[in-house]
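Student: Here you go, sequence then predicted model.
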Amino acid sequence: MLKNQSSSASQRGMSLVELMVGIAVGMFVVAAASTLVATQLVDNRRLLVEVQVQQDLRAAADIISRDLRRIGSWGVVTAPAAGVWSAGSLAVLNATPTDITLSGGSDTSKVEYASSRTTGSVGPYGFWLDNHVIKAQLGTGGWQALTDEATMKVTVFRVVVQEEPPIRIACPKRCADTTDACWPTVTVRSLVVDISGESPTDASVKRSVRTVARVRNDQVKFNDILDPTLACPA
């Protein structure tokens, strides 16, 4: 009889209190695991959004910088050597406008310029921030969106022209007034491009990029008043 009572006591299940404590502990574990998973998902989504914005900014900046380097180019419209001066020959002036037109407020810019890309075509070309979208002007094709507002909202687009001090090119002879004032000069130009953007779905994700585009068509100026067609005094 005693043996049966001992066997029944050893096989007794959990009490109600023990069951409730076990359920509570299990719920805490599940809640902690769910919070951890949710945090990981949020961080992963934010990382993907940051990468998307950064990639879009970098791609737009690269396209714009590469295009701005062509400002004033004219080798395709005329003969390849049309802009190359050699001794004893007349200087051939650049027939393509090199002026850069900038407009807009302190945080927005609209840059328009001319350059030769196909025979007989010099533009106009340019970039413009319109309603948080950077648009590119493709000659007679008009303005077309360069960035996608669904993946990146552009908040700042600024283009600033930087001109280095003119560099004087030495000639074999002095000028008529025994100075070097008539020697030709070269002005090197660069364009600083600043772009800032944010995620359209998460305004806390903000990124900025800055690039410098060195204009390849340097401005050469002949200063010989007696014969402005020649670079150096005869």
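Tutor: It's in.

Student: Neighbours of the residue nearest to residue 132 when sequence neighbours are not counted, how many?
Tutor: Nearest residue to residue 132, sequence neighbours excluded (C-beta to C-beta, 6 or more residues apart in numbering): residue 153, at 4.7 Å. (Each C-beta comes from the backbone N, C-alpha and C, glycine too.) Look at residue 153: counted by other C-beta atoms under 10 Å, it has 20 neighbours.

Student: in a helix, that's where residue 61 is, yeah?
Tutor: Yes: with DSSP: H, G, I helix; E, B strand; the rest coil as the criterion, residue 61 is part of a helix.

Student: Is it correct that it is in contact with residue 197?
Tutor: No: taking contacts as C-beta atoms under 8 Å, residue 61 lies outside contact range of residue 197: 10.3 Å.

Student: Those two - which one has more neighbours?
Tutor: More crowded of residue 61 and residue 197, by other C-beta under 10 Å: residue 197, with 26 against 18.

Student: Work out the gap between the helix or strand harbouring the more buried one and the centre of the chain.
Tutor: Here residue 197 sits within strand 189-198, counting by DSSP states H and E. In terms of C-alpha atoms, centre = their mean, to the nearest Å, the centre of strand 189-198 is set 6 Å apart from its chain centre.

Student: Neighbouring strands - and their directions - for it?
Tutor: The strands beside strand 189-198 in its sheet (DSSP bridges) come out as strand 153-163 (antiparallel), strand 206-214 (antiparallel).
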